[in-house]
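**Student:** sequence and predicted structure below; questions after.
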Amino acid sequence: MATRRAEPGRYLSFTLGDEAFAVPVESVEVVLETPLVTRVPNAESHLRGVINFRGSVIPIVDPRLRFGGDPIGLEEGSSVIVLQMHYEGDDVVVGMLADGVREVVDVGASEIENAPKMGARESLEYVAGVARIGGEFVVILDVETTFARLAPAECAGVV
């Protein structure tokens, strides 16, 4: 799956550790305070478990682990961003942990740059662009490349 280039529009900004990230608002269904997460035996480490969301089992992904960092704590202050996306013709719902959710921001075309080429091809495939918002750089994630492939493949046996 090719990484999409970030387009001007509205983005939900959030933090992972000390870093700022964003996802397109149209991919966000809801932001939740971190609910009880049920661990799934033998799951990939970045799949922290599942939650019950409106009667459905939703996989919860820890992007800090996905990107090679330390796990996000499931204590007060962390959030789950419930994302909807399309993957191979199916609608997929995935919960993404975040250390904190900031705000919805409008990002213009002049504020978006391509991700810099730094040799780590796998990690850059998740980046749709980098925006300068309020004097800081915010990494815009390609939601489908980063998360959609997790739900069908890695969570098929969860339900």
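**Tutor:** Thanks, I have it. Every value quoted in this text rests on a predicted model; they were computed, and no experiment measured them. Numbering: from 1, shown residues only.

**Student:** what sits against Val105?
**Tutor:** Contact partners of Val105, counting by Cβ atoms under 8 Å, 6 or more residues apart in numbering, are 10-11, 13, 22, 133, 138. For glycine as for every other residue, the C-beta is placed from the backbone atoms N, C-alpha and C.

**Student:** top of the residues you listed by neighbour count?
**Tutor:** Using other Cβ atoms under 10 Å as the neighbour test, the contacts of Val105 are led by Tyr11, with 27 neighbours.

**Student:** wait, that one sits on Pro24?
**Tutor:** Yes: counting by Cβ atoms under 8 Å, Tyr11 does reach Pro24; the two are 5.9 Å apart.

**Student:** for the most centrally placed residue in the chain, give its distance to Arg132.
**Tutor:** In the chain, the residue lying closest to the centroid (Cα atoms, centre = their mean) is Met96, at 5.0 Å. Met96 sits 23 Å away from Arg132, going by Cβ to Cβ, to the nearest Å.

**Student:** which stretch of helix or strand covers the residue nearest to the centre of the chain?
**Tutor:** strand 90-98 (DSSP states H and E).

**Student:** may I see the buried residues of that strand?
**Tutor:** 92-98 (16 or more other Cβ atoms under 10 Å).

**Student:** parallel or antiparallel, list what pairs with it.
**Tutor:** When sheet partners are counted by DSSP bridges, strand 90-98 sits next to strand 56-61 (parallel), strand 79-87 (antiparallel).

**Student:** any idea how far the next helix or strand after the first one is from the middle of the chain?
**Tutor:** Translated: strand 56-61. Downstream of strand 56-61, the first helix or strand assigned by DSSP H and E is helix 63-66. Chain-centre distance of helix 63-66: 9 Å, with Cα atoms, centre = their mean, to the nearest Å.

**Student:** and the contacts of helix 63-66?
**Tutor:** 16-17, 21, 45-46, 48, 70-72, 96-98, 126, 141, 146.

**Student:** filter those residues down to the ones in strands?
**Tutor:** 16, 21, 48, 96-98, 141 (DSSP state E).

**Student:** first-to-last residue distance for stretch 8-21?
**Tutor:** 15 Å (Cα to Cα, to the nearest Å).

**Student:** now do that stretch: everything it contacts.
**Tutor:** Applying Cβ under 8 Å, 6+ apart, the external contacts of stretch 8-21 come out as 22-26, 28, 31, 63-64, 67, 69-70, 72, 79, 81, 98-109, 111-112, 131, 133, 136-141.
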